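Trainee: Here is the input, now give the coordinates:
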Amino acid sequence: MYIATLDDVEYKIEVKEIGDEKYEVLINDTPYTLDARSVDSSLYSIIMDGKSYEIDIDYKDSIYHVYNDGKLFKIELMDELKKRMLEKRGGAGGLEGAYTVKSEMPGKIVEVKVKVGDEIKKGDVLLILESMKMQNEIKSPKDGKVTEVFIKGGDTIEAEANLITIE
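Mentor: Model (predicted):
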């Protein structure tokens, strides 16, 4: 069993291969049958419930970036054992102390929503990043205080650029 986290909501997922490129997927015990074919290294064609989906998947830093129909979904996926181990250590991702949010993709900073000294909560929007003609809300991965802001509105950045540090 796997645990997928999307927008701070956890989903229990089980995948069973039931034929050539056919799968039964249980999401929170709801069954789905799908055909999945790899088109190239990151592009997949999926047919589920009679509907066809073209999905581009990029894996980076323990997060699956799933692009579908012009939308970006960031999904953390881990097996049940790894999740339990992380919880015993005090949480996922080592977000204790100072943590610098980095850009996962190149783009242009549309708006910075926080400033040094702001108290923020996990999930608060830190900034808006435009990438691939889409505006993406970059959210805080933890509660804390903004101690550094490396960017400003209008900046063009590369992937892995430092954005904001939170303590």
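Trainee: what about the residue minimising distance to the centre of the chain, distance to residue 64?
Mentor: Per C-alpha atoms, centre = their mean, the C-alpha nearest to the average position across the chain is that of residue 74, at 2.0 Å. Residue 74 is 7 Å from residue 64, where distance means C-beta to C-beta, to the nearest Å. Using the backbone N, CA and C atoms, a C-beta is placed for each residue, glycine as well.
Trainee: Next: residue 32.
Mentor: 17 Å.
Trainee: Among those two, which residue is more densely surrounded?
Mentor: Per other C-beta atoms under 10 Å, whichever of residue 32 and residue 64 has more neighbours is residue 64, with 15 against 11.
Trainee: Does the more buried one touch residue 75 like I think?
Mentor: Yes. If you go by C-beta atoms under 8 Å, residue 64 and residue 75 touch, sitting 4.6 Å apart.
Trainee: low-confidence ranges in the protein?
Mentor: 61-62, 80-96 (pLDDT under 70).
Trainee: mind listing what's buried in stretch 144-161?
Mentor: Of the residues in stretch 144-161, 144, 146, 149, 150, 151, 155, 157, 161 count as buried by neighbour count, 16 or more other C-beta atoms under 10 Å.
Trainee: And for it, what's in contact with it?
Mentor: With C-beta atoms under 8 Å, 6 or more residues apart in numbering as the test, stretch 144-161 has contacts from 98-100, 102-112, 114-120, 126-127, 129, 162-167.
Trainee: Of the residues you listed, which qualify as buried by neighbour count?
Mentor: When these are checked for burial by 16+ other C-beta under 10 Å, the buried set is 99, 103-105, 107, 109, 112, 114, 118, 120, 126-127, 129, 163-166.
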